[in-house]
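Trainee: Show me how the following folds:
(one chain, ligands or ions: 1)
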Amino acid sequence: MSTEELEMEDRSTDALSFEHITLGQKVLFGAGKAADFLVDEVRRKKAERVMVIAGGRELGIARQVTSHIDVHVWHDEVVMHVPVEVAERARVTAREKKVDLLVCVGGGSTVGLAKAVALTEKLPVVAVPTTYAGSEATNVWGLTKDERKTTGVDDAVLPQTVIYDPELTLSLPVDLSVASGLNALAHCVDSLWAPKADPINAALAVEGIRALSAGLPAIVQNPQDMRGREMTLYGAYLSAVAFASAGSGIHHKICHTLGGTFDLPHAQTHAVVLPYVLAFNAPHAPEAERRMAAAFSADTALEGLNRLRDEVNAPRRLSDYGFHPEDAAEAAQIALEIIPPSNPRSVTLKNLTDLLLAVTCGDDPASVPSDN
Ligand code: NAD
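Mentor: Have a look, this model is predicted:
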């Protein structure tokens with residue numbers, strides 16, 4: 001029997017029964033087209049007072065993207081993980097300036113700030129992403145207060161339009177491109193065992209893995225390679241749609257704790273933690289393991305991910321970002337409270353602390369014990 005026939009036989013034993021919500025959003029994709037796409041969207045929405053949110057290195061990109069529209073107000077105070085006081089200042093500006101459309105140009109932090117404003121001010125958002133974080137395709141918001149990051153789901157924060165222009169990611173340094181792309185890959189992997197995993201988001205996730213594992217090595221070989229940038233941005237979108245639909249699994253809950261409480265950088269943390277969570281869960285999720293391995297064209301999912309990590313020189317250990325072994329038990333305790341009980345492998349303080357210790361030191365992911 002061929003592999004395909006075996007797969008069909010496998011699936012025929014599982015009755016399909018699920019609830020899936022598809023989020024309504026317009027996606028415009030094209031290299032070099034962002035400024036033209038944006039002017040059309042602003043006209044179509046009849047917006048008169050546009051607030052552009054972009055910070056730091058994104059500002060130059062934002063000026064280029066918004067060159068054909070009238071910008072009513074610029075807002076450049078962007079901070080990763082969206083501290084509440086930063087969100088509040090942006091909300092006050094939007095209110096005082098009677099803004100009628102938010103345009104965010106930047107990475108997940110910038111999109112996150114636009115979402116925080118949209119949450120309370122009920123303003124529409126047009127997102128122009130410049131990293132592979134994927135926040136633009138989710139209805140998930142995040143805010144940080146007193147070193148604790150809170151996330152929530154609200155359709156009011158979902159950007160109505162996303163403008164993907166791979167040229168805007170050409171300036172993203174290679175190491176950040178790799179970390180950000182692996183952050184997207186983590187959305188795919190985690191969505192296969194997240195609480196609302198279903199066959200539709202699994203299909204998106206598997207195609208996302210395929211696109212990202214082709215795109216990222218191409219970027220590393222030649223950071224100006226448009227095909228690599230396109231594939232990675234396309235994969236990032238698929239990954240985010242899968243994640244938005246499936247919800248946060250164990251990987252996201254661990255990274256959310258590390259980012260919110262220990263202030264670790266978002267993309268790099270996801271990139272480092274991913275193989276350990278994969279090694280931890282995969283033996284307990286055979287269908288997910290089989291599909292990921294196929295998407296990586298590898299014998300096992302971990303083998304495929306490790307090969308990709310070698311090809312792109314992925315970041316390896318949390319200690320490089322200021323996380324210490326003595327923090328592992330506290331992080332495990334916090335994460336344990338929010339990890340979904342539906343995780344395919346039961347999670348204990350002991351096995352989670354062991355996982356975090358291994359990630360901190362950059363031990364071989366395959367050394368993560370496969371039992372409880
Ligand atoms: P980021 O937005 O903080 O960007 C990282 C750095 O890259 C910043 O200094 C930024 O100015 C710079 N940068 C961005 N685009 C660039 C470009 N094209 N060229 C050069 N420099 C550029 O990091 P991120 O990883 O994109 O986003 C992280 C944040 O997004 C976190 O707060 C995370 O929680 C959030 N996030 C949310 C969701 C969601 O669904 N709500 C999903 C993913 C990420």
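Trainee: Could you show which parts of this structure are in contact with the ligand?
Mentor: 55-58, 61, 80-81, 106-110, 112, 130-131, 133-135, 138, 140, 142, 168-169, 171-172, 176, 180, 183, 266-267 (Cβ under 6 Å from any ligand atom). C-beta here means a position set from N, CA and C on the backbone, and glycine is covered the same way.
Trainee: The nearest residue to Gly108 once chain neighbours are set aside in helix, strand or coil?
Mentor: In this structure, Gly108 finds its nearest non-sequential neighbour in Ala133, 3.2 Å apart by Cβ to Cβ, 6 or more residues apart in numbering. Secondary structure assignment for Ala133 (DSSP: H, G, I helix; E, B strand; the rest coil): coil.
Trainee: quick one, phi psi at Ala133?
Mentor: Main-chain dihedrals, Ala133, degrees, to the nearest 10: phi -70, psi -40.
Trainee: How many neighbouring residues does it have?
Mentor: 28 (other Cβ atoms under 10 Å).
Trainee: State the pLDDT value of it.
Mentor: If you check Ala133, the pLDDT there is 97.
Trainee: Spit out the contact partners of it.
Mentor: Contacts for Ala133 (Cβ atoms under 8 Å, 6 or more residues apart in numbering) come out as 107-108, 111, 180, 183-184, 236, 240, 266-267.
Trainee: how does it look with 6 Å?
Mentor: Residues in contact with Ala133 (Cβ atoms under 6 Å, 6 or more residues apart in numbering) are 107-108, 180, 183.
Trainee: Out of the residues you listed, list just those in helices.
Mentor: 108, 180, 183 (DSSP state H).
Trainee: mind listing the helices in the protein by residue range?
Mentor: 3-12, 34-44, 58-65, 84-96, 108-121, 174-191, 199-221, 226-246, 250-262, 266-281, 286-296, 301-312, 328-336, 349-361.
Trainee: do you know how far the most centrally placed residue in the chain is from Met80?
Mentor: Closest residue to the average C-alpha location of the chain: Ala133 at 4.0 Å, with Cα atoms, centre = their mean. Ala133 sits 10 Å away from Met80, going by Cβ to Cβ, to the nearest Å.
Trainee: circling back: of the contacts of Ala133, keep whichever come out buried.
Mentor: Buried members of those, scored by 16 or more other Cβ atoms under 10 Å, are 107-108, 180, 183.
Trainee: Please identify the most buried of the helices of the chain.
Mentor: helix 174-191 (a mean of 27; mean count of other Cβ atoms under 10 Å).
Trainee: quick one: it to chain centroid distance?
Mentor: Counting by Cα atoms, centre = their mean, to the nearest Å, helix 174-191 is centred 7 Å from the centre of its parent chain.
Trainee: helices or strands next to it in the packing?
Mentor: Helix 174-191 sits against helix 199-221, helix 226-246, helix 250-262, helix 266-281, with contacts defined as 3 or more Cβ pairs under 6 Å, 6 or more residues apart in numbering; DSSP states H and E.
Trainee: how about low-confidence regions in the stretch 1-150 of the chain?
Mentor: 1-14 (pLDDT under 70).
Trainee: how about a cut-off of 80?
Mentor: Within the stretch 1-150 of the chain, the segments meeting pLDDT under 80 span 1-14, 147-149.
Trainee: Contact partners for the spatially closest residue to Val220 that is not a sequence neighbour?
Mentor: In space, and not counting its chain neighbours, Val220 is closest to Val312: 4.9 Å by Cβ to Cβ, 6+ apart. Val312 sits next to 178, 216-217, 220 when contact means Cβ under 6 Å, 6+ apart.
Trainee: from these, which is closest to the ligand?
Mentor: Val178 (11.6 Å; Cβ to the nearest ligand atom).
Trainee: Just put the contacts of Val312 in CSV and tack on pLDDT.
Mentor: Below are the contacts of Val312 laid out as CSV (pLDDT from 0 to 100):
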residue, pLDDT
Val178, 98
Leu216, 98
Pro217, 98
Val220, 98
